[in-house]
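Participant: Give me the fold of what follows.
(one chain, ligands or ions: 5)
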Amino acid sequence: MALSEIKTLSLILALSLFSLKAGSSPLGARRNLLGGNEAVFDVTTLGAKGDGKFDNTQAMIKAWNAACKAPGPAPRTLLFPTGNFMCGEVVFQGPCNGPMTIEIQGTITGSTDLSLYTQGVWITVEDITGVFVTGGGTLDGKGDEVWQFAPKNGGGDDLLPVSIQFSKVTHGSINNIKILNSKGFHSKVTWSTDVTVSNLNIVAPGDSPNTDGLHISSSSNVNVTNILVGTGDDCISIGEGNTNVLVSNVTCGPGHGISIGSLGKRPNEKNVKGIKVVNCTLTNTTNGARIKTYHDSPKLSAMGIVYEDIVMNQVTNPIIIDQHYASKKNPTPSNVQISDVHFRNIRGTSNSPVAVTLNCSEAVPCQGVELADINLAPFKPGQTLSSTCFNAKPTITRIENIGLAGCGSK
Ligand SMILES: *[C@@H]1O[C@H](CO)[C@@H](O)[C@H](O)[C@H]1NC(C)=O
Ligand SMILES: *[C@@H]1O[C@H](CO)[C@@H](O)[C@H](O)[C@H]1NC(C)=O
Ligand SMILES: *[C@@H]1O[C@H](CO)[C@@H](O)[C@H](O)[C@H]1NC(C)=O
Ligand SMILES: *[C@@H]1O[C@H](CO)[C@@H](O)[C@H](O)[C@H]1NC(C)=O
Ligand SMILES: *[C@@H]1O[C@H](CO)[C@@H](O)[C@H](O)[C@H]1NC(C)=O
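Facilitator: Numbering: from 1, shown residues only. Ligands and ions are numbered 1, 2, ... in the order given. The predicted structure is shown next:
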């Protein structure tokens with residue numbers, strides 16, 4: 001038996017005793033918030049080195065497996081203390097015997113060797129019921145050293161790696177960490193349910209390629225709140241197959257705004273239903289409240305969408321539905337039926353002369369779009385705002401001076 005296996009085995013034995021003092025090595029136990037004992041697996045006692053140079057990939061996976069597979073249903077924590085833990089692609093694979101906390105106090109730094117990433121994701125958290133990422137530390141993707149290799153023109157399926165992805169998670173959270181300079185998307189939640197994403201600080205330059213702050217797809221019951229995000233792409237993007245997503249208190253900019261979509265790119269996409277975005281502020285973004293769909297898409301629906309209580313500061317397209325996304329010339333219309341969409345109490349300034357753009361599909365015009373209490377002024381003094389509607393007849397309530405007269409029913 002290798003030394004590491006003996007260590008792991010003795011850890012497991014020690015865990016079942018639950019009698020070690022907090023901070024003792026290699027396995028500690030401490031009181032958790034519920035007053036119970038919690039096993040703490042400190043990665044530095046399990047082979048990881050926080051010197052910024054050592055490749056911790058294997059040590060992290062081993063430490064995870066020790067914690068995840070430790071016997072008994074008690075909660076356990078994988079701890080990254082102060083330090084700089086460099087690693088390549090890591091999969092934190094479940095299922096685990098009990099709920100897992102990944103506590104990042106220090107910094108985890110992504111290797112800049114792109115050949116190490118085989119699945120388009122740096123840190124995957126997969127197939128787990130009960131997993132909580134937190135700790136106040138940082139995930140530094142080091143994208144600044146590799147963005148020059150990003151696919152041009154928006155990229156296809158070969159985008160640079162997502163920094164952290166929840167996949168097939170039931171009941172989990174990503175809370176209180178900073179995600180810095182991701183290579184690709186900063187975070188992603190997919191095929192998951194009952195997930196909270198909160199108190200994140202997501203930072204990348206406004207010209208970094210495809211660096212969405214958070215992308216959500218194929219998930220249900222997801223709450224996103226208290227997020228400070230500025231990147232080179234969408235601050236939050238809500239893709240296909242999502243139901244019941246609540247986004248609140250997001251401060252966004254620079255970036256491309258808070259988007260639903262893009263929808264309808266691939267043949268097997270699923271409907272979107274029940275998305276609410278509320279109490280958000282966007283500053284200096286290219287878009288504000290946006291829904292975007294592809295031409296020539298499969299038949300899909302996107303319904304029950306609310307953007308409410310949103311402040312726009314100097315936003316280029318404050319309110320926009322674009323069903324001609326990614327191709328302005330393709331003659332085959334989008335088949336994504338957009339309906340039951342409400343833009344309410346949206347105020348602030350538009351950086352372009354166009355306040356509202358509803359450019360819906362010729363094949364399936366938008367249904368049930370409401371615009372209410374939209375109070376937008378031009379950012380540039382002396383400008384007059386206008387709006388355009390195409391295949392959409394919104395109901396319009398308490399709105400003046402943004403050229404909506406030609407748009408629909410009063
Ligand atoms: C999201 O927030 C809503 C409203 O506050 C709440 O009812 C729901 O349980 C929350 N869901 C999650 C996954 O936290
Ligand atoms: C909104 O989020 C910010 C962090 O981005 C936080 O400081 C603030 O307290 C939150 N506001 C509310 C009302 O929760
Ligand atoms: C939005 O803000 C209002 C006023 O501060 C507050 O009452 C409401 O609970 C907030 N909504 C969400 C979903 O956070
Ligand atoms: C918006 O961006 C422009 C140029 O990128 C910059 O000059 C301006 O200061 C920014 N405004 C705000 C409010 O951040
Ligand atoms: C809608 O988009 C199409 C394709 O880009 C464009 O030709 C048309 O002018 C747009 N209509 C409006 C009203 O913006």
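
Participant: Not counting whichever helix or strand Leu228 is part of itself, show me its contacts.
Facilitator: For Leu228, the host element (DSSP states H and E) is strand 220-230. If you take C-beta atoms under 8 Å, 6 or more residues apart in numbering as the criterion, strand 220-230 is touched by 186, 189, 192-204, 206, 213-214, 216, 235-236, 242-255. Just so you know, the C-beta spots here come from the backbone N, C-alpha and C atoms, and that holds for glycine as well.

Participant: Any part of it near ligand 3?
Facilitator: No - using C-beta under 6 Å from any ligand atom, strand 220-230 stays clear of ligand 3, coming no nearer than 6.5 Å.

Participant: same check, this time on stretch 268-286
Facilitator: Yes - Stretch 268-286 lies within reach of ligand 3 by C-beta under 6 Å from any ligand atom, at Val278, Asn279.

Participant: ditto for stretch 340-353
Facilitator: No - interface with ligand 3: stretch 340-353 contributes nothing (C-beta under 6 Å from any ligand atom), its closest point being 10.5 Å away.

Participant: check whether that stretch contacts ligand 4.
Facilitator: No - interface with ligand 4: stretch 340-353 contributes nothing (C-beta under 6 Å from any ligand atom), its closest point being 8.2 Å away.

Participant: returning to that earlier point: can you list contacts of the helix or strand just after the strand holding Leu228?
Facilitator: Note on strand 220-230: by DSSP H and E, the next helix or strand toward the C-terminus is strand 236-238. Under the contact criterion C-beta under 8 Å, 6+ apart, strand 236-238 has outside partners 212-216, 224, 227, 229, 245, 247, 250, 252, 258-261, 272, 275, 277.

Participant: sorry, back to before: going through the contacts of strand 220-230, which ones are buried?
Facilitator: 186, 189, 192-204, 206, 213-214, 216, 235-236, 242-248, 250-255 (16 or more other C-beta atoms under 10 Å).

Participant: Just give the strands next to the strand with the most length in the chain in its sheet, each with its orientation.
Facilitator: Longest strand of the chain, by residue count under DSSP state E: strand 162-180. Using DSSP bridges, the strands paired with strand 162-180 in its sheet are strand 121-134 (parallel), strand 138-140 (parallel), strand 187-190 (parallel), strand 193-203 (parallel).

Participant: Tell me how far it lies from the chain's centre.
Facilitator: 8 Å (C-alpha atoms, centre = their mean, to the nearest Å).

Participant: List the buried residues in that strand.
Facilitator: In strand 162-180, counting by 16+ other C-beta under 10 Å, buried: 162-180.

Participant: just stretch 297-317 next, same as before
Facilitator: 297-298, 300-317.

Participant: So which of those belong to helices?
Facilitator: Cross-referencing the buried residues of stretch 297-317 against helices under DSSP state H gives no overlap.

Participant: which residues sit in contact with the residue in the stretch 51-200 of the chain positioned nearest to ligand 2?
Facilitator: Residue of the stretch 51-200 of the chain nearest ligand 2, by C-beta to the nearest ligand atom: Asn199 (6.5 Å). Asn199 sits next to Asn175, Asn176, Thr225, Asn226, Ile227 when contact means C-beta under 8 Å, 6+ apart.

Participant: how far off strand 220-230 does the longest strand of the chain point, in degrees?
Facilitator: Here the directions of strand 162-180 and strand 220-230 differ by 50 degrees (axes from the mean of the first three to the mean of the last three C-alpha atoms, to 10 degrees).

Participant: near ligand 2 at all, strand 162-180?
Facilitator: No - using C-beta under 6 Å from any ligand atom, strand 162-180 stays clear of ligand 2, with a minimum separation of 10.3 Å.

Participant: right, is the strand holding Leu228 up against ligand 2?
Facilitator: Yes - using C-beta under 6 Å from any ligand atom, we find that strand 220-230 touches ligand 2 at Asn226, Leu228.
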